[in-house]
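Visitor: Requesting a structural model of the entry that follows:
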Amino acid sequence: MNRFNTSAYLAGLNVDKMHFGLAAITDLLSRLGNPQKSYKTILIAGTNGKGSTAAMTASILCSAGYKVGLYTSPHLVDVRERIIVNGKKIPQKEFNRIISYVKDKTKQSVTYFEFLTAAALLYFQHCKIDIAVLEVGLGGRLDATNVCKPLVSVITNIDFDHMDYLGNTLESITGEKAGIIKQKGICITAAKQKEVLQVLKNVCRKRQSQLYCLGDDVKIKKQKDGCFTYLGLDRNLKKISISLRGEHQLSNAALALATIECIEKKGFGIDDAAIYAGLKNTHWEGRLEILQDKPLFLLDGAHNPAGINVLCRSLKSYFSYRRLIIIFGALADKDYHQMLQKIISLAPVIILTQLKTKRSLSADDIVEAVRKRDYSAIVTGNVKEAIEQALMMAKRHDLICATGSFCLVGEIKESFPKTTLCDNTKSVKKKQVYRAKIK
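Guide: Numbering: from 1, shown residues only. Next up is the predicted model:
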């Protein structure tokens, strides 16, 4: 008897293909019995920060005793990372069974993302969850996750990314992301630009929805000890500590708290202890993630100019180091020129590499962009070579930062424990193995 090969089937769905419309996912979910209607949902869109916001929101709800589904993308190493219930990814046997079942119910062409979205929503139903926190894949209006009717729609921020699909202006991008706002619903945002807020206000007015804005309706005050105070819609909390690094995560935490406040009014009871514990215990990989010390090895999935801006601020504010070494790899459809322009001024050494994915930007294209800025770079053939080169060059008090793509982050997490280098000290010539602390 031939066994169903889950990995081969998913690979054949064409990861890079996109459908702009909800017809295919709606049909598939209908054939599955519309599992998304059996539990409550929260939907989170935005240019950056939506995964972190989703993770914190889910963690708080778990700490409050609810059974919580978390659906995010992309994954770093294992596709099952996308489908989480109460902090645990879907078991392999259950994943194989769900994928096979959804395959049998699929009657028209669907994309990789649509298929996995349907599988996640079905798995959440099987687990009898109380609520699902869903991260939008791309845009919002036509994204597969938008088949749900969320209690709260969150739009973290708006900036330039995926312009080929969402438009070349902030207004057009905002219009697409605002598609997750439902009739008589609730929207929470950390967006600041006037043109963005105007679009959101217009959409909320037409749909008779409530709009809450970070900075106006919800405020945070950073404290000297790294904690912050939350001044919310109805609740004020002091000395809040979060596990995720970077000042930008304070805004994401505030959005998560505002979301919690809103769903409390929908019948979810969440006390202060659950909030403090949930934020303190949130685990989210690939965002200012430290793999090792001395030399410090940092991963960050910043993959657009806005994300690189945030990374640059964090490198200046949160880390102390003698020299910065950058490992950079990106996808061809990203604005790598702007990304490089922002980050190369911080690093005397930049190591360029090519990713395994077909969407990867070639190292030759990246090096050409670097040379145009009168900057030199080291070119490596693959991510493993880039890691080895960086570790060979770095001394104990240097910082190695790998960034440019979540694909790069994923490849490093797979390769890092297997890399070796020659020790930099003159007295020791033997190879020393650096092992990542990967949970």
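Visitor: Mind jotting down where the helices sit in the stretch 1-150 of the chain?
Guide: In the stretch 1-150 of the chain, the segments counted as helices under DSSP state H, counting those that start in this stretch are 6-11, 23-31, 50-63, 92-105, 112-126.
Visitor: If you average the pLDDT over the second one, what comes out?
Guide: This means helix 23-31. If you average the pLDDT over helix 23-31, you get 97.
Visitor: Equivalent analysis for the last one, please.
Guide: Computed over helix 112-126, the mean pLDDT rounds to 97.
Visitor: What is it packed up against?
Guide: helix 6-11, helix 23-31, strand 68-71, strand 83-85, helix 92-105 (3 or more Cβ pairs under 8 Å, 6 or more residues apart in numbering; DSSP states H and E). Yep, even glycine has a C-beta here, placed from its N, CA and C like the rest.
Visitor: Could you do the third one as well?
Guide: For helix 50-63, the helices and strands in contact under the criterion 3+ Cβ pairs under 8 Å, 6+ apart are strand 40-45, strand 68-71, strand 131-135, helix 248-264, helix 272-280.
Visitor: if we can go back for a sec, which one, of the helices of the stretch 1-150 of the chain, ends up nearest to residue 268?
Guide: helix 50-63 (7.5 Å; Cβ to Cβ).
Visitor: Go ahead and name everything in contact with the closest one.
Guide: 42, 44, 46, 68, 70, 72, 84, 86-87, 130-131, 133-136, 154, 156, 242, 244, 249, 252-253, 255-257, 259-260, 268, 270, 273-275, 277-279, 281-284, 287 (Cβ atoms under 8 Å, 6 or more residues apart in numbering).
Visitor: deepest of the helices of the stretch 1-150 of the chain, which one?
Guide: Most buried of those, by mean neighbour count (mean count of other Cβ atoms under 10 Å): helix 50-63, with a mean of 27.
Visitor: Just the CA trace of that one, in PDB.
Guide: C-alpha atoms of helix 50-63 as PDB (Å, rounded to 0.1, in the frame of the first residue of the first chain):
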ATOM      1  CA  LYS A  50       1.800  40.900  13.600                       C
ATOM      2  CA  GLY A  51       3.500  37.600  14.500                       C
ATOM      3  CA  SER A  52       4.800  38.900  17.800                       C
ATOM      4  CA  THR A  53       1.500  40.500  18.600                       C
ATOM      5  CA  ALA A  54      -0.300  37.300  17.900                       C
ATOM      6  CA  ALA A  55       2.100  35.300  20.000                       C
ATOM      7  CA  MET A  56       1.700  37.600  23.000                       C
ATOM      8  CA  THR A  57      -2.100  37.600  22.700                       C
ATOM      9  CA  ALA A  58      -2.200  33.800  22.500                       C
ATOM     10  CA  SER A  59       0.200  33.500  25.500                       C
ATOM     11  CA  ILE A  60      -2.000  35.800  27.700                       C
ATOM     12  CA  LEU A  61      -5.100  33.800  26.800                       C
ATOM     13  CA  CYS A  62      -3.300  30.500  27.500                       C
ATOM     14  CA  SER A  63      -2.200  31.900  30.900                       C
END
